[in-house]
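A.B. asks: Sharing a model prediction with you, sequence too.
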Amino acid sequence: MKTIHIFILFVIVAWVQLFIPAQMIFNKEAIIETGTVYKFKTQPVDPSDPFRGKYINLNYDIRTHKTKDSLWDNQDDVYVYLENDSLGFAKINQINKTPLEINNDFVIAKVNWYNKNEQKLNFSLPFNRYYMEETKAYDAEVAVRDMQRDSLPNSTYALVYIKNGEAVLNDVIINEVSIKDYVEKENDLN
């Protein structure tokens, strides 16, 4: 009798351990399939940190917004409502402390600080890490950094799919080429 209970418990635990990651993957894929794609211009990346894993750390042009509401605390949620500009890049439509009843796509960002002199809210978007194959992550970060230091206009952006406040960072594009392909091409040239 005790063996049956242990076996049933084992089956339940095994099922939960498989179901939860599968559900997370399914949700991300559903956002990519049915969400709206936005291009976010990137800023120069931070140096690589070997303790955090193999990823590219991205900063975005969109990280501040003017507002007279000065009652923000560090790490508060801020609802950032987005739309595409005439060139297809994401721009902020508006921000709010609570969800609004409008049809615009939004992401939930975290407040960093409020600059009272400039009346600007600084925040962090929830998709600032792009994970890559271990052997390519450092080369990719160097490629992004080098492209942003170039004298040419910034041609590096992130493709992010957004639906119902959820966001999936799908790719990073350099000169209209996926960063995965760009790194491979650069490595082939060297």
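C.D. replies: Done, it's in.

A.B. asks: which residue ranges form the strands in this structure?
C.D. replies: Counting by DSSP state E, residue ranges of the strands within the chain are 36-43, 55-57, 59-60, 64-66, 77-84, 90-96, 105-115, 120-124, 129-131, 156-163, 166-174, 177-178.

A.B. asks: With respect to burial, which of these scores highest?
C.D. replies: Across those, the average number of neighbours (mean count of other Cβ atoms under 10 Å) peaks for strand 156-163, which reaches a mean of 21. (Each C-beta comes from the backbone N, C-alpha and C, glycine too.)

A.B. asks: That one pairs with which strands, parallel or anti?
C.D. replies: The strands that strand 156-163 pairs with in its sheet are strand 36-43 (antiparallel), strand 166-174 (antiparallel) (by DSSP bridges).

A.B. asks: Just the angle for the longest one relative to strand 77-84, thanks.
C.D. replies: Okay, so that is strand 166-174. Going by axes from the mean of the first three to the mean of the last three Cα atoms, to 10 degrees, strand 166-174 is angled at 50 degrees with respect to strand 77-84.

A.B. asks: from what I can see residue 38 touches residue 162, true?
C.D. replies: Yes: under the criterion of Cβ atoms under 8 Å, residue 38 makes contact with residue 162 at 6.0 Å.

A.B. asks: intersection of neighbour lists for the two?
C.D. replies: Jointly contacting residue 38 and residue 162 under the rule Cβ atoms under 8 Å, 6 or more residues apart in numbering are 82, 105.

A.B. asks: and residue 69, backbone torsions?
C.D. replies: When read as degrees, to the nearest 10, the backbone of residue 69 gives phi -70, psi 110.

A.B. asks: ok, it - contacts?
C.D. replies: Neighbour list for residue 69: 97, 121 [criterion: Cβ under 8 Å, 6+ apart].

A.B. asks: Could you report the pLDDT at it?
C.D. replies: Predicted confidence (pLDDT) for residue 69: 88.

A.B. asks: go on, residue 176?
C.D. replies: 85.

A.B. asks: didn't it look like it was pressed against residue 156?
C.D. replies: No: at 10.3 Å, residue 176 and residue 156 do not qualify as touching, with contact defined as Cβ under 8 Å.

A.B. asks: so what sits against both of the two?
C.D. replies: Overlap between the contact sets of residue 176 and residue 156, as judged by Cβ under 8 Å, 6+ apart, is nil.

A.B. asks: what distance separates the biggest helix by length in the chain from the centre of its chain?
C.D. replies: The longest helix of the chain (DSSP state H) is helix 2-34. Chain-centre distance of helix 2-34: 25 Å, with Cα atoms, centre = their mean, to the nearest Å.

A.B. asks: and the gap between residue 19 and residue 9?
C.D. replies: Going from residue 19 to residue 9 by Cβ to Cβ, to the nearest Å gives 15 Å.
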